[in-house]
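Participant: got a sequence here, can you model it:
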Amino acid sequence: MNNLVNPAKIVLSAKDVHKTFSDGTGSPVVVLNGVTFEICAGEIVAVIGSSGSGKSTLLQILGGLDACDSGEISIAGRPLNGISQAEMGQLRNELLGFVYQFHHLLPEFSALENVAMPLRIARLDEIHAHERAREALKALGLEHRLTHLPSQLSGGERQRTAIARAMVTGPACILADEPTGNLDHDTAMDVFEQFVQSARSRGCAILIVTHDQLIAQRCDRILRLEEGRIVSEDARCQQTGVVQSMP
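Facilitator: So this is what the prediction gives:
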């Protein structure tokens, strides 16, 4: 497990990624058209763009949940192209975390049990899995909610629990799709700040798709996606010292 990643290390790389779908009439619709960028350990990068610009498709491809038509994707130096489904599953479990707009917590399990679930699936024994889950929840200010069911948590607490679940395996990178989109403004900002703080402490990168300009402004870089291309890159701050230039 990667509990700390070298801050100079590229943990996610996309090179000339293309993806085309059919519109249902047989006509091709270009969704991604030569997307290229890199993210280093500890970076927080926002992807913004209008609906239909390709953001969700890009996230699916980066996470190995869909395949690109051409181009290269690698996670911590390990290519996604040409690997088996079993290898893809192992790579996702070891190197990636996922956070979505809705928490997707299992309602019959406590916060601690939900966060420990990825470790139990990876066959870590219950004692050590719960110990690591407890640490992940504590890092997000939820040490007092360990035994609570999702129905007993607030919206912000449920989302922080989902973030702890994504963090608990020590991933190199977390892919987040509108992770604060279902929260009110104040709660969203609080959850995001705790998310970033926890990721930075572990050397974990975050790629976050968001419509929230205030969230994007707090990231190290903003990648704007339009018509399947990255049309601009805005370095908001350089706290990590690893901001990359576009090729």
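
Participant: now do the contacts for the residue at minimal distance from the centre of the chain.
Facilitator: Central residue of the chain (Cα atoms, centre = their mean): L175, 1.5 Å from the mean position. Neighbouring residues of L175 by Cβ atoms under 8 Å, 6 or more residues apart in numbering: L59, L62, G63, L96, G97, F98, V99, L207. Heads up, the C-betas are built off the backbone N, CA and C, glycines and all.

Participant: can we see that at 6 Å?
Facilitator: Residues counted as contacts of L175 (Cβ atoms under 6 Å, 6 or more residues apart in numbering) are L59, L62, G63, F98, L207.

Participant: any idea which element it lies in?
Facilitator: Assigning secondary structure by DSSP states H and E places L175 in strand 173-177.

Participant: given that strand, what are its sheet partners and their directions?
Facilitator: The pairing partners recorded for strand 173-177 under DSSP bridges are strand 96-99 (parallel), strand 205-209 (parallel).

Participant: list the helices and strands the very next helix or strand once past it packs on?
Facilitator: Beyond strand 173-177 on the C-terminal side, the first helix or strand identified by DSSP H and E is helix 185-202. The contact analysis (3 or more Cβ pairs under 6 Å, 6 or more residues apart in numbering; DSSP states H and E) places helix 185-202 against helix 155-167.

Participant: the helix it packs on vs helix 185-202, what angle?
Facilitator: Counting by axes from the mean of the first three to the mean of the last three Cα atoms, to 10 degrees, helix 155-167 lies at 20 degrees to helix 185-202.

Participant: distance between helix 155-167 and the chain's centre?
Facilitator: How far helix 155-167 lies from its chain's middle: 12 Å, per Cα atoms, centre = their mean, to the nearest Å.

Participant: identify the residues contacting it?
Facilitator: Residues from elsewhere that reach helix 155-167, judged by Cβ under 6 Å, 6+ apart: 97-99, 103, 111, 114-115, 136-137, 140, 142, 145, 150, 174, 183, 187, 191, 195, 198.

Participant: now the helices for the protein?
Facilitator: Ranges of helices in the chain, per DSSP state H, are 55-62, 85-95, 111-121, 126-139, 155-167, 185-202, 213-217.

Participant: could those helices be laid out in JSON lines, adding mean neighbour count, distance to I44 and mean pLDDT?
Facilitator: Below are the helices of the chain laid out as JSON lines (neighbours: other Cβ atoms under 10 Å; distance: least, Cβ to Cβ, whole Å; pLDDT from 0 to 100):
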{"stretch": "helix 55-62", "mean neighbour count": "21", "distance to I44": "15", "mean pLDDT": "90"}
{"stretch": "helix 85-95", "mean neighbour count": "15", "distance to I44": "17", "mean pLDDT": "87"}
{"stretch": "helix 111-121", "mean neighbour count": "21", "distance to I44": "21", "mean pLDDT": "94"}
{"stretch": "helix 126-139", "mean neighbour count": "18", "distance to I44": "16", "mean pLDDT": "94"}
{"stretch": "helix 155-167", "mean neighbour count": "25", "distance to I44": "13", "mean pLDDT": "92"}
{"stretch": "helix 185-202", "mean neighbour count": "18", "distance to I44": "6", "mean pLDDT": "87"}
{"stretch": "helix 213-217", "mean neighbour count": "16", "distance to I44": "10", "mean pLDDT": "89"}
